[in-house]
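Peer 1: can you look at this prediction? I've put the sequence above it.
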Amino acid sequence: MVYQLNKSISFPDPHLGEEDGLLAIGGDLSVDRLLLAYSNGIFPWYAFRDEIIQWWCPMQRFVIFPDKIHISHSMRTLFNKGRYRITFNRAFPEVIRQCGKLREDMEGAWLGPEIIEAYTKLHEQGFAVSVDVWDDQRLVGGLYGVVIGRCFFGESMFSLVPSASKMALIYLANLLQQVGGVMIDCQFETPHLKTMGGEYISYEEYMKYVRMR
């Protein structure tokens, strides 16, 4: 069943959603609602511009565990060359704008002004972060997402040069290992993420990691 949200900052039990994970529609993208959503494994999604907000919570979750990320020989070689510089949280506004720019005409992945504004507010409060990949002074790739507790909830990534987003993800996994992070939520499976160690776990197991402090 798909629920219609109102002004009250609450969500139905995630187990009551549709089989594909669609749980609710409507509501808003306030900081409080977003934090409540991610704390319960729920995330917003716009199917396309001008559509109502959709809230998803699949019962099978596609994740990467930082200590199990797969780094191919070609990626190790690229890192060792030292051509690209990677930073953390140095270019959040630019990263999210680039993610939106590359997805302007992609159905199922629209990242418009309302999303950008909402996640920028999360960033200003310390809950949304970016990984930034540079070629000299040019931003050529990166990713952004939400951090709650010991988990990173990935939202979007982009590459202007080959493998830049993979570099950002590997950097993120290594950083999480250093600070005690336990899980990267990938939201949906892609071939790109599967080759890097993505795997499915149940919602119940997933929530055990989300609740870790």
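Peer 2: Arrived safely, thanks for sending.
Peer 1: spatially central, which residue of the chain would that be?
Peer 2: In the chain, the centroid-proximal residue (C-alpha atoms, centre = their mean) is G154; its distance is 1.4 Å.
Peer 1: beta partners of the closest residue to it other than its chain neighbours?
Peer 2: Nearest residue to G154, sequence neighbours excluded (C-beta to C-beta, 6 or more residues apart in numbering): G145, at 4.3 Å. Placement of C-beta: from N, CA and C, glycine included. Note on G145: beta-bridge partners V129, G154, judged by DSSP bridges.
Peer 1: other residues contacting stretch 123-135?
Peer 2: Outside stretch 123-135, the residues within contact range by C-beta atoms under 8 Å, 6 or more residues apart in numbering are 31, 34-35, 83-92, 94-96, 119-120, 122, 139-148, 152, 155, 161, 164-165, 167-169, 171-172, 175.
Peer 1: how about 6 Å then?
Peer 2: 84-92, 95, 119, 122, 140-144, 146-147, 164, 167-168, 171-172 (C-beta atoms under 6 Å, 6 or more residues apart in numbering).
Peer 1: and the residue nearest to G154, how many neighbours does it have?
Peer 2: By other C-beta atoms under 10 Å, the residues close to G145 number 25.
Peer 1: that one and L78, how far apart?
Peer 2: 22 Å (C-beta to C-beta, to the nearest Å).
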